[in-house]
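K.L.:
Turn this into a model:
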Amino acid sequence: MALLGAQLVITLVIVSFIQKFSPHFSFARWMLCSTGLSRYLYPTDQQLRTLAGITKEKSKKGKHTENGKISDTFHIPRSLDFTMETAKVSHLDVVHLKYYTEFQWLLDFSIYAAITYTLTEVYNYFYPIVDEINLSMVWCILVVGFAFKMLVTLWIQYFKGEESIGERSTCIVAGFAYLLLAMMILIVDEKTLEIGLDKAYVSFNESASKFLGEQGLSSTGPASQIVLKFFLALWCGWLGSLFTFPGLRMSKMHWDAMRYYNDRKLVKLLANISFVSPLFVVALWIKPISRDYFTVRVFSGMDNPLMTSSAFDSMRLVAVIVVVLLKLTLMPMYLQSYLNLAQQRIENQKKEAGRITNIELQKKIAAVFYYLCVVTLQFIAPLMICLFFSFMYKTLGGYTWNGFFVNVPPDECSIDEESSSILLSETLEISSEKTAAQSAEELHLALSSLKQIFTTDVFRGLFGLATWWSCFTLFATNALGMLYQSYFSNV
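P.N.:
Okay, here's the model as predicted:
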């Protein structure tokens with residue numbers, strides 16, 4: 001229990017730090033207000049009247065709006081030539097934006113969770129956590145839950161109202177397409193795609209049957225492997241549907257960034273590397289072109305392969321973190337590309353004929369900045385899901401950052417399991433009043449029983465699929481968006 005106490009100390013320190021530090025500094029607020037982002041200001045009514053040569057009409061009796069304000073709507077040519085002013089994004093500007101609170105909470109909490117996870121990993125390196133609960137996993141589960149909640153909230157908006165029929169159809173079609181793709185991928189042999197689901201199923205089947213047998217319960221085993229893979233495919237299809245519009249948004253920002261930063265070669269190089277980097281991560285799970293190449297093949301002039309198997313596993317985990325950090329580093333560039341969409345809209349409007357009201361013109365410009373935090377959520381949430389799935393994959397899967405496994409052999413665990421069963425039976429025979437220590441001991445025994453069922457192989461299969469599929473879906477939706485942009489830009 002000493003290790004659990006040390007983890008509680010780390011958690012309490014982080015919580016105390018959040019309470020004292022968060023009112024004074026927010027990384028999300030810094031990302032929006034201190035990275036040089038500029039927004040476009042729409043022209044005032046007086047400026048539009050002057051440019052269009054429209055004289056202000058005298059108010060007529062009875063021409064009032066519902067609050068007693070005189071209506072000031074007039075028409076101007078769509079081709080009206082004007083220049084928009086820019087202003088730096090400030091805290092007073094973003095605090096009233098839609099979903100700003102949700103974005104601030106998600107990003108800040110993710111950073112605090114990452115700090116907690118890092119401190120726990122450092123502690124685990126010196127004092128390995130074997131029989132205790134790893135509290136950093138609770139933080140990781142919360143971050144993944146919050147990220148899914150944000151994506152689902154945005155996803156549900158497409159199913160409300162009659163104006164979003166196209167978006168709704170896109171989500172449904174994408175969901176079924178990813179479902180079909182996931183079903184095809186899940187039947188691929190483990191010798192090609194080493195997710196580890198087959199081994200996880202065998203381990204879960206054996207451990208569950210053994211556990212139920214020890215409890216005196218009859219068991220025919222869990223559901224068939226095909227049924228379990230079908231439900232996993234449903235989850236994969238749903239995740240693909242959630243990632244669809246964030247991926248399309250990301251590809252649009254990347255496409256615009258390549259035009260705006262055309263003269264900055266280094267930025268373009270980093271942006272292109274960031275865009276295709278999830279593909280390299282996905283390829284690391286394809287055994288013939290990754291593990292066999294790095295850990296089996298011996299090149300000429302060498303006596304051993306490039307890496308050991310454990311070092312390769314560590315490299316895959318580090319690769320996911322590098323990809324996420326690279327995308328977060330380039331996030332201000334992408335956000336500025338999105339804010340420049342206001343100017344792009346006006347430039348396209350100038351090529352159109354007809355007239356537009358001043359209100360519609362101002363709304364067209366202001367809407368870009370108004371939905372800035374929606375875009376940031378679409379950018380951040382998929383990255384946090386990929387990152388914290390990889391954290392859970394590493395810890396619950398028994399991997400380590402230095403290239404060595406931290407697995408406890410099953411024989412060593414059997415002693416603890418037998419002693420746990422004995423202690424549990426003795427506890428049930430005691431009729432005296434339970435103390436807090438006894439309750440804690442019973443909780444520990446219950447968790448030990450769960451460990452018999454959810455083994456390291458089970459976690460490797462589940463979180464291996466979750467990590468790989470989230471990275472694959474992130475790249476697939478971005479690539480689909482780039483095909484969309486390239487097609488319509490040439491039309």
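K.L.:
Just the strands from the chain, written as ranges.
P.N.:
Taking DSSP state E, the strands of the chain run over residues 38-41, 75-77, 85-88, 355-357.
K.L.:
Work out the sheet partners of the last one and label each with its direction, please.
P.N.:
Take DSSP bridges as the rule and strand 355-357 pairs in its sheet with strand 75-77 (antiparallel).
K.L.:
so who does the most centrally placed residue in the chain touch?
P.N.:
Nearest to the mean C-alpha position of the chain, by C-alpha atoms, centre = their mean, lies residue 382 at 2.4 Å. Applying C-beta atoms under 8 Å, 6 or more residues apart in numbering to residue 382 gives the contacts 147, 151, 243, 246-247, 470, 473-474. Any C-beta I mention is one placed from the backbone N, CA and C, and that applies to glycine too.
K.L.:
From residue 309, how far out is the residue lying closest to residue 397 once chain neighbours are set aside?
P.N.:
Leaving aside its chain neighbours, residue 397 sits nearest to residue 460 (4.1 Å; criterion: C-beta to C-beta, 6 or more residues apart in numbering). Residue 460 is 13 Å from residue 309, where distance means C-beta to C-beta, to the nearest Å.
K.L.:
between the two, which one's more packed in?
P.N.:
Shown here are residue 460 and residue 309; by other C-beta atoms under 10 Å, residue 460 has more neighbours (23 against 13).
K.L.:
thinking again about what came up before, how about TSV for the strands of the chain, with mean pLDDT added?
P.N.:
As requested, these are exported to TSV (pLDDT from 0 to 100):
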stretch	mean pLDDT
strand 38-41	92
strand 75-77	88
strand 85-88	92
strand 355-357	89
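K.L.:
In stretch 266-284, which residues are buried?
P.N.:
The neighbour-count check on stretch 266-284 (16 or more other C-beta atoms under 10 Å) flags 267, 270-271, 274-275, 277-279, 281-282, 284 as buried.
K.L.:
Distance to residue 481 added to the residues you listed, as CSV?
P.N.:
CSV is the format used below for the buried residues of stretch 266-284 (distance: C-beta to C-beta, whole Å):
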residue, distance to residue 481
267, 20
270, 19
271, 14
274, 14
275, 10
277, 16
278, 13
279, 14
281, 18
282, 17
284, 23
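K.L.:
Could you single out the nearest of the residues you listed to residue 19?
P.N.:
Set against residue 19, the nearest of the buried residues of stretch 266-284 by C-beta to C-beta is residue 274 (34.3 Å).
K.L.:
The closest one is in contact with residue 330, isn't it?
P.N.:
Yes. Contact criterion C-beta atoms under 8 Å: residue 274 and residue 330 qualify, at 5.5 Å.
K.L.:
Tell me which residues touch residue 268, please.
P.N.:
By C-beta under 8 Å, 6+ apart, the contact list for residue 268 reads 258, 261-262.
K.L.:
Residue 297: which of those is nearest?
P.N.:
So of those, ranked by how close each gets to residue 297 (C-beta to C-beta), first place is residue 258, at 36.3 Å.
K.L.:
how many other residues sit next to the closest one?
P.N.:
Here the count is done by other C-beta under 10 Å, and residue 258 has 16 residues near it.
K.L.:
sorry, back to before: and which of the buried residues of stretch 266-284 is nearest residue 344?
P.N.:
The closest of the buried residues of stretch 266-284, once distances to residue 344 are taken by C-beta to C-beta, is residue 271, at 18.1 Å.
K.L.:
Check that closest one and give its pLDDT.
P.N.:
pLDDT for residue 271: 93.
K.L.:
Any figure for the gap between it and residue 375?
P.N.:
As for residue 271, its distance to residue 375 is 17 Å (criterion: C-beta to C-beta).
K.L.:
one step back: pull up the gap between the residue nearest to the centre of the chain and residue 89, please.
P.N.:
Distance, residue 382 to residue 89, using C-beta to C-beta: 23 Å.
K.L.:
got it, and residue 128?
P.N.:
Going from residue 128 to residue 89 by C-beta to C-beta gives 46 Å.
K.L.:
right, and residue 86 touches residue 40 too?
P.N.:
Yes. Using C-beta under 8 Å, residue 86 is in contact with residue 40, at 5.8 Å.
K.L.:
Residue 199 is in contact with the residue nearest to residue 397, correct?
P.N.:
Yes. At 7.5 Å, residue 460 counts as touching residue 199 under the criterion of C-beta under 8 Å.
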